[in-house]
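# How does the following fold in three dimensions:
(one chain, ligands or ions: 1)
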Amino acid sequence: MDDQTTPVRQQHVFNVKKLHRYLMGRLHGVLENTTFSVRQYSSGQSNPTFLIQSPHKSFVLRKKPHGSLLPGAHKVDREYVVQKALHSIGFPVPQPLLYCSDTDVIGTEFYIMDHIQGRIFRDPRLPGISATERSALYVAAVEVLARLHSVNLTTLGLVGYGKGVGYAKRQVSTWTKQYRASAIRSIPAVDVLSDWLSNNLPSNDDQVTLVHGDFRIDNLIFHPSEARVLAVLDWELSTTGQPLADLTYFLMPHYCPSHLNISTILGGVTGIEGIPPAEDLISIYCQCCGIPLSLSHQNFFIALAMFKMACIAQGIYARSLLGNASAPNAAQFGESVEPLVQLALKIAHSSSLAVQVPDRLFLQSAKGYAVLQQVKEFMKKHILPAQKEVTEYYVKHCDGPERWQTPPVLEELKAKARAAGLWNLFLPAVSGLSQLDYSYIAEETGRCFCAPEVFNCQAPDSGNIEVLHLFGSEEQKKLWLEPLLRGDIRSCFCMTEPDIASSDATNMECTLRKDKDHYVINGKKWWSSGAGNPKCKIAIVMCKNKASDSISRHDQHSMILVPMDTPGVRKVRPLTVFGQDDACHGGHFEIHFDNVHVPASNILLGEGRGFEIAQGRLGPGRLHHCMRAVGLAEQALELLCQRSGSRSTFGKRLYQHEVVAHWIAECRIAIEQVRLLALHAAYILDTQGNKAARKKIAMIKVAAGRMACKVVDCAIQVHGGAGVSDDVPLAHMYTYARTLRLADGPDEVHLSSIALMELKDQLRRRAAKL
Ligand SMILES: Cc1cc2nc3c(=O)[nH]c(=O)nc-3n(C[C@H](O)[C@H](O)[C@H](O)COP(=O)(O)OP(=O)(O)OC[C@H]3O[C@@H](n4cnc5c(N)ncnc54)[C@H](O)[C@@H]3O)c2cc1C
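The predicted structure is shown next:
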């Protein structure tokens, strides 16, 4: 912040000694005989602001400008009052320490506040910042704005702080007057815009919250290294009124085409990598405020924001001519007035420039949004470019033992992802993300077969981690959960058996027998995914330990932890999926357990509680699979569309044949349906828990596999022979999509349980009516 100060400018010089004397005894940290330096902040166009440094503490002084001022402007006493109120509830503002109305001290009123160390970004395009961080900074800014608009005026004693209702109307009138008072030359467009605004006042002008009035990215101090707002500055224009005015004012740079020469004050941000589009920021804002997703009268508020900015620019320009503007580049503002007003008029009359808030029923949290942007960025920058090298690794080692290992390039990416905090995102307790938040991320990772592993979110480890997190003892967590979360080891889940129909899990025959302080396991499992990876050190094994007619079939099984190096555990063979051993996912192994002894403490939750655990494990895990299938289908549809536009048969592009056009349409419909269903399931998981979400989860399990198969199949068909070759990823994608209809239970089993739940629901409804 110090490099943003200069020596005090000539026209703002005041008596520093007098100030020092005044502050002594009034301000903790200001002492006699100490050095006391004053520098001026070079930015900020209104109330001159100074950095005061004494040996032990730094402060910030804000004062009225001197000279003749526009009526009602530069009220530093109000700034002091609002900051004091906001600081009292922990809202990020610098703590106001002292207000002085005695103009004898430095010539004008002033107040002193804490000096906050942090980052201030003068340019809304955030040059020199990574795209990921840009996104997070913008999200943090909008979150803090939503928080401001949610404060309770009564609790803060700020009900009378402004005039409230009719803010938009007052703004038009105030800024028109301010403009006229500072107009040096006539700009007819300003009057046209002022008239348009007066004649198109919004019907929702009766909504009232605290408003900042000048909420821009450069009025925020961010944490030195985190995307967190430490302080909102410059409360000069704060009042009470319609909050959307603040939001659209903040979003102004989004509507400013970069070719327009008004970058001095706005800086067009559209198209800058990482900066979220206006509609996303609006969504986040609405969600944080808990209000419906709509920005009514958007044209009006955007035009008003630009009008206001133009009038402020005119005021600064006028003051610069009078010699009392606080910034050295004030004269440049004069040049921005007309282009800004013209742009505002264009927006006022245009519907095409208006914001289209996405019709998203299920919105992520602001944190979820920021993490998703990070994941997207990471995928684009690191994972997608590495895909070729990963594939080459598996081709090169297709017959050798190395194929079971994670390719070195993936290990490097995992380290990077972990360092970036993009790790274990699927586990709410660790990531702080909801299932809904993570669903969008899972969709993104579904676009690349190796992406889940890079983020340590791959099956079956994610499901096993969930089991240990939910049901593991402290010792089990220490031994197995912690290394799994670190990514030091991998795991497998052994439920399905070769000799019985495992769709009905109560058929499981692998036995578990207690022998003093040990359990002994005997049986065969197969389709144990991931067991081929040399890092796979632990298996969760489903066994039968209570064979008795008097015990319910769902209480006879248990889950137990079996270290893979326990004597008697034998990996018999890797199975193949459509002829491939799927080494990139650690394969799917047949494993035999011959008199395997493990300590009794390895039992999970307790004897006979295997199905209880299975329910806990499969809910979120299935949801993640389904959202990954949505991502995979999106990618397949992309390929389908590209191909159908680049090949012609019988004198037409492929997409011009109606049958192909209909496939495209049907694929889009199917993807959207499944995404919405899955997000709804995620929402229910978050809000009502696993049990309540069971039916929805079963529904998406069926719908997602079918949809992914259908979309990939259409894409294969459109690709002709190439579709089933390894030249395009579709064959591999189909393999994955097809297994989804079997893994974690075949469709038919889920359909039966959906029907059963539906019948029960209907009965309940009927009973409630009677
Ligand atoms: C790629 C892949 C990975 C897997 N990973 C794992 C893993 O990590 N761990 C693990 O334990 N298992 C895993 N599995 C196994 C999977 O969960 C089972 O294959 C699945 O549950 C079906 O059991 P099954 O193969 O014994 O089929 P069966 O039980 O023999 O069923 C065969 C068919 O019978 C039909 N059927 C079954 N029940 C009904 C019904 N009620 N009504 C009508 N028809 C019915 C269905 O069409 C079903 O496909 C994986 C499977 C695949 C393909």
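# which residues in the stretch 101-250 of the chain form strands?
In the stretch 101-250 of the chain, the strands defined using DSSP state E, counting those that start in this stretch lie at 110-114, 209-211, 220-222, 229-232, 239-241.
# Sheet partners, orientation included, of the second one?
Sheet pairing for strand 209-211, assigned by DSSP bridges, gives strand 239-241 (antiparallel).
# quick one: the strand it pairs with to chain centroid distance?
Offset of strand 239-241 from its chain centre (Cα atoms, centre = their mean, to the nearest Å): 30 Å.
# List the contacts of it.
Strand 239-241 is contacted from outside by 153, 158-159, 161-168, 170-171, 208-211, 213, using Cβ atoms under 8 Å, 6 or more residues apart in numbering. In this view, the C-beta of every residue, glycine as well, is placed from N, C-alpha and C.
# what about the strands of the stretch 101-250 of the chain, which gets the closest to residue 580?
Judged by Cβ to Cβ, the one of the strands of the stretch 101-250 of the chain that comes nearest to residue 580 is strand 220-222, at 48.6 Å.
# quick check: domain ranges of the protein?
Listed by the TED database, the domain ranges of the chain are 5-115, 131-349, 370-451, 473-604, 615-769.
# any chance of those in a markdown table, with mean pLDDT, mean neighbour count and distance to the ligand too?
Below are the domains of the chain laid out as a markdown table (pLDDT from 0 to 100; neighbours: other Cβ atoms under 10 Å; distance: least, Cβ to the nearest ligand atom, whole Å):
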| stretch | mean pLDDT | mean neighbour count | distance to the ligand |
| --- | --- | --- | --- |
| domain 5-115 | 86 | 17 | 47 |
| domain 131-349 | 87 | 20 | 33 |
| domain 370-451 | 94 | 19 | 13 |
| domain 473-604 | 95 | 18 | 3 |
| domain 615-769 | 95 | 19 | 3 |
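# Take those domains and lay them out in CSV including distance to residue 363.
Listed next are the domains of the chain as CSV, based on distance: least, Cβ to Cβ, whole Å:
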stretch, distance to residue 363
domain 5-115, 23
domain 131-349, 5
domain 370-451, 8
domain 473-604, 28
domain 615-769, 10
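# Of all these, which one comes closest to residue 466?
Comparing the domains of the chain by Cβ to Cβ, domain 615-769 comes nearest, at 5.8 Å.
# Now do that closest one: distance to the chain's middle.
24 Å.
# And the helices in the stretch 201-350 of the chain?
Using DSSP state H, counting those that start in this stretch, the helices found in the stretch 201-350 of the chain span residues 244-251, 278-289, 298-322, 330-349.
# following the longest helix along the chain, which helix or strand comes up?
If you go by DSSP state H, the chain has its longest helix at helix 610-646. As assigned by DSSP states H and E, the chain's next helix or strand after helix 610-646 is strand 648-649.
# what lines up beside that next one in the sheet?
For strand 648-649, pairing defined by DSSP bridges yields strand 652-653 (antiparallel).
# got the contact list for the strand it pairs with?
644, 645, 646, 647.
# Name the next helix or strand following it along the chain.
That would be, after strand 652-653 and using DSSP H and E, helix 658-688.
# got the angle between that next one and helix 610-646?
Inter-element angle recorded for helix 658-688 and helix 610-646: 150 degrees (by axes from the mean of the first three to the mean of the last three Cα atoms, to 10 degrees).
# who does helix 658-688 touch, helix- and strand-wise?
The elements that helix 658-688 packs onto, with contact taken as 3 or more Cβ pairs under 8 Å, 6 or more residues apart in numbering; DSSP states H and E, are helix 435-445, helix 610-646, helix 690-719.
# coming back round to it: with residue 467 as the reference, name the closest of the domains of the chain.
domain 615-769 (4.9 Å).
# and the end-to-end length of that closest one?
31 Å (Cα to Cα, to the nearest Å).
# what does stretch 100-109 give?
First-to-last distance for stretch 100-109 - Cα to Cα - comes to 6 Å.
# Give me the phi and psi for the most centrally placed residue in the chain.
Closest to where the C-alpha atoms of the chain average out (Cα atoms, centre = their mean) is residue 369, at 1.4 Å. Backbone geometry at residue 369, expressed as degrees, to the nearest 10, gives phi -60, psi -50.
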